[in-house]
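*Asks:* generate coordinates for the sequence data below:
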Amino acid sequence: MTEALETLLRGDGRPALDARLDRLEHNVEAVRERAMRRTLATDFIAGLPEAELVATMAALVERAQQGNGRARAVLVELALEPNVFLQMPYPRVKAAYGIAQGGGLAAIARMFLGAALEQNPTIDEAWTGNEFMDVPLGNRRAAARGRDRNTLDRLLHDRDHRVIALLLDNPRLVERDVVKIAATRPTRPEVLQVIARHGRWSSRYPVKKALVGNPYTPMPIARRLLPTLLAQDLRALVELGALGEELLLVAKALLPRPAAPAPSAAPLFDEAELAELYALVQEERTP
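*Replies:* As a prediction, this is how the structure comes out:
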């Protein structure tokens, strides 16, 4: 780890870093409006020098892994703002990536990576209809605002993000419905982006978990959501093989390392003493 990062994370700079994070976490928690919460979080990191930016993200992840709910809430807001790092000047993002990589913080470095180049979608993936409700888009959008439960159930399978956006605003939708949409595969990435940006549903833990486990979730969203999951869920996703190669590396880096086995206690007796003790016991037993 570089000297600057070591000072910020482990040395004299850590108290000031923790104090700034305490204020940020408190401010984010105190604001109810989702848009304002994300603005607070993104504005905070936007003004940080590159080394402090890397140290801040590393400290947030560390605090979240230690069970700090406020830190996890800030990470959620940053994860669900798709342009949080993309809106920064490229030289700055590149510098932060280099600092994190050089400091041995691979999981943090990956947060600064842009979306991977997208492959051309297959015919199946490119389709934006709904085989469960084969009617024109305008009809489906109107139905997404409706009250009929059977119709809403059929629209859960829609692949047009405009339909899903209206559906998510329908007060008759419940959390398990949104989890079902987030877990559907194959699906359009735009559908999953709509869920990740939604003010009501994006912060629900089961929804976030479903998004991370869906291979069609855009990589920047999945990568930034990963540190907000609990260790047992990260471990389950790893063991189930539900993550792609890049996310798998990030998840393994986030998992707490198993404690080293305790050194075995020194034997009370060496071999010669044990043999002598055994002989004495045998003599005691001899009539």
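
*Asks:* and the helix or strand containing T39, what does it pack onto?
*Replies:* Assigned by DSSP states H and E, T39 falls within helix 34-46. In terms of contacts (3 or more CB pairs under 8 Å, 6 or more residues apart in numbering; DSSP states H and E), helix 34-46 is packed against helix 14-30, helix 50-65, helix 69-79. The C-beta positions use only the backbone N, C-alpha and C, and glycine is treated the same way.

*Asks:* list the buried ones in it?
*Replies:* Neighbour counts using 16 or more other CB atoms under 10 Å place R34, R37, R38, L40, A41, T42, F44, I45 of helix 34-46 among the buried residues.

*Asks:* just to revisit the earlier point, V191: which of the helices and strands packed on helix 34-46 is closest?
*Replies:* Evaluated with CB to CB, the helices and strands packed on helix 34-46 place helix 69-79 nearest to V191, the distance being 17.7 Å.

*Asks:* how far off helix 34-46 does the next helix or strand along the chain from the closest one point, in degrees?
*Replies:* Scanning forward in sequence from helix 69-79 by DSSP H and E, the next helix or strand is helix 90-102. With axes from the mean of the first three to the mean of the last three CA atoms, to 10 degrees defining the directions, helix 90-102 sits at 70 degrees from helix 34-46.

*Asks:* who are the packing partners of helix 90-102?
*Replies:* helix 50-65, helix 106-111.

*Asks:* run the chain-centre distance for that helix.
*Replies:* With CA atoms, centre = their mean, to the nearest Å as the basis, helix 90-102 stands 20 Å off its chain's centre.

*Asks:* only the buried residues of it, if you could.
*Replies:* R92, V93, A95, A96, Y97, I99, A100.

*Asks:* quick one, domains of this structure?
*Replies:* 3-111, 123-254 (automatic domain parsing).

*Asks:* comparing these by mean pLDDT, which bottoms out?
*Replies:* Ranked by mean pLDDT, the domains of the chain bottom out at domain 3-111, with a mean of 84.

*Asks:* how far is that domain from where the chain is centred?
*Replies:* For domain 3-111, the distance to the chain centre is 14 Å (CA atoms, centre = their mean).

*Asks:* nearest the geometric middle of the chain, what residue?
*Replies:* L226 (1.8 Å; CA atoms, centre = their mean).

*Asks:* would you mind measuring from that one to M57?
*Replies:* 13 Å (CB to CB, to the nearest Å).

*Asks:* and G67, by the same measure?
*Replies:* From G67 to M57 the distance is 18 Å (CB to CB).

*Asks:* A107 reaches L234, doesn't it?
*Replies:* No: A107 is not in contact with L234 according to CB atoms under 8 Å; the separation is 11.3 Å.

*Asks:* which of the two has more neighbours?
*Replies:* Legend: neighbour count by other CB atoms under 10 Å for A107 and L234, higher for L234 (22 against 19).

*Asks:* any chance of the helices and strands packed on helix 90-102 in a markdown table, plus distance to L5?
*Replies:* Output for the helices and strands packed on helix 90-102, formatted as a markdown table (distance: least, CB to CB, whole Å):
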| stretch | distance to L5 |
| --- | --- |
| helix 50-65 | 6 |
| helix 106-111 | 10 |
